[in-house]
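In: Build me a model:
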Amino acid sequence: MNPDSDIFSALRKLDTPTICNALEIVEPTRRTRGFNIRPFVCAHPELGSTLAYARTARIRAQHPPATKVDGIGYYTYIAEGGPTPSIVVIEDIDATPGYGAFWGEVNTNVHYGLGCQGLVTNGSIRDLPDAQPKFQMLAGMVNPSHAWVHAVDWGSPVTVHGMEVMDQDLIHMDQHGAVVIPVERGADIIAEAERIVKRERILINAAQQPGFGVEQIKAAYQSMADIH
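Out: Residues are numbered from 1 along each chain as shown. As a prediction, the model looks like this:
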């Protein structure tokens, strides 16, 4: 089940921490899973939020491929493997992840041309000034070489910085990180996010007034409790 266009658009307008906050309420089992637990390098913080469906793959770079690499098979999966727009979630399975960069000027442009909006990887990225400027990248590190980098397989479950992702999962990401969204809870996430923003604004506004102190915090908490 895919969210309708209005829900998709509303989710994309939120930042990823707000998505996580809302998920804690509407899907309590997601409080400790479904998001990255180690930091990423964000290539384009100015791009804001990205929302798209996962294409999953695994790569290696430290040693030459043991068999012939099926590059066309991989690109066919990116282009035709599910709903669009897409985000590639790639797990670098080398003993030293990031040994070689799969992502740079060429692959960012190729993937963007195939309907892919960005990537999430524990591996490395490079060619930052020449990469596709609309292609968001969350990566484990920046590295100058591609070494022997190649796709090992695609379409299988992956784990990237603690975030478990299945093929075609709905991924929300921004400069803070990434989170998997249960598609069926999209409308609930939006409604709860709106309530969270209203509650937070009460306390923030109070904190910005002269004479702010503990009594004002208590009053703000009372007003926040009235928002359901």
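
In: May I have the secondary structure class of Met137?
Out: Three-state assignment for Met137 (DSSP: H, G, I helix; E, B strand; the rest coil): strand.

In: what number of residues lie near the closest residue to it other than its chain neighbours?
Out: Take Met137 and drop its neighbours on the chain: the residue closest to it by CB to CB, 6 or more residues apart in numbering is Ala43, 3.8 Å away. Quick note: C-beta positions are derived from backbone N, CA and C, even for glycine. Number of residues near Ala43 (other CB atoms under 10 Å) recorded here: 22.

In: State the helix or strand in which His172 lies.
Out: Assigning secondary structure by DSSP states H and E places His172 in strand 170-174.

In: Does anything pack onto that strand? Which helices or strands?
Out: Using 3 or more CB pairs under 8 Å, 6 or more residues apart in numbering; DSSP states H and E, the elements in contact with strand 170-174 are helix 16-26, strand 50-60, strand 86-92, strand 116-121, strand 177-181.

In: Go through these and name the closest to Ile196.
Out: Of all the helices and strands packed on strand 170-174, helix 16-26 sits nearest to Ile196, with 5.3 Å by CB to CB.

In: Using neighbour counts, pick out the buried residues of that closest one.
Out: Buried residues in helix 16-26, defined by neighbour count with 16 or more other CB atoms under 10 Å: Thr16, Thr18, Ile19, Cys20, Asn21, Ala22, Leu23, Ile25, Val26.

In: per-residue confidence for the first one?
Out: Think Thr16. With respect to pLDDT, Thr16 has a value of 98.

In: which residues does it contact?
Out: Phe35, Ser49, His172, Met173, Asp174, His176, Gly177, Ala178, Val179 (CB atoms under 8 Å, 6 or more residues apart in numbering).

In: So it versus Pro45, what's the distance?
Out: Using CB to CB, to the nearest Å, Thr16 is found at 12 Å from Pro45.

In: which residues do these two both contact?
Out: Asp174.

In: Pull the residues that contact whatever helix or strand Thr108 lives in.
Out: Taking DSSP H and E as the definition, one finds Thr108 inside helix 105-113. Helix 105-113 is contacted by residues Tyr75, Ile78, Val88, Leu119, Asp127, Asp130, Ala131, Gln132, Lys134, Phe135, Met137 when judged by CB under 8 Å, 6+ apart.

In: mind putting the helices and strands packed on strand 170-174 in JSON lines, distance to Val165 included?
Out: Formatted as JSON lines, the helices and strands packed on strand 170-174 follow (distance: least, CB to CB, whole Å):
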{"stretch": "helix 16-26", "distance to Val165": "15"}
{"stretch": "strand 50-60", "distance to Val165": "5"}
{"stretch": "strand 86-92", "distance to Val165": "5"}
{"stretch": "strand 116-121", "distance to Val165": "8"}
{"stretch": "strand 177-181", "distance to Val165": "6"}
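
In: Quick one, which of those gets closest to Ile190.
Out: Comparison of the helices and strands packed on strand 170-174 against Ile190 by CB to CB identifies helix 16-26 as nearest, at 7.7 Å.

In: Relative to the whole chain's centre, how far out is the helix or strand just after the closest one?
Out: The helix or strand immediately downstream of helix 16-26 is strand 41-42, counting by DSSP H and E. Centroid separation between strand 41-42 and its chain, computed with CA atoms, centre = their mean, to the nearest Å, is 11 Å.

In: likewise stretch 173-193?
Out: Averaged C-alpha coordinates place stretch 173-193 at 10 Å from its chain's average position (CA atoms, centre = their mean).

In: Out of the contacts of Thr16, which is nearest to Trp154?
Out: Ala178 (18.3 Å).
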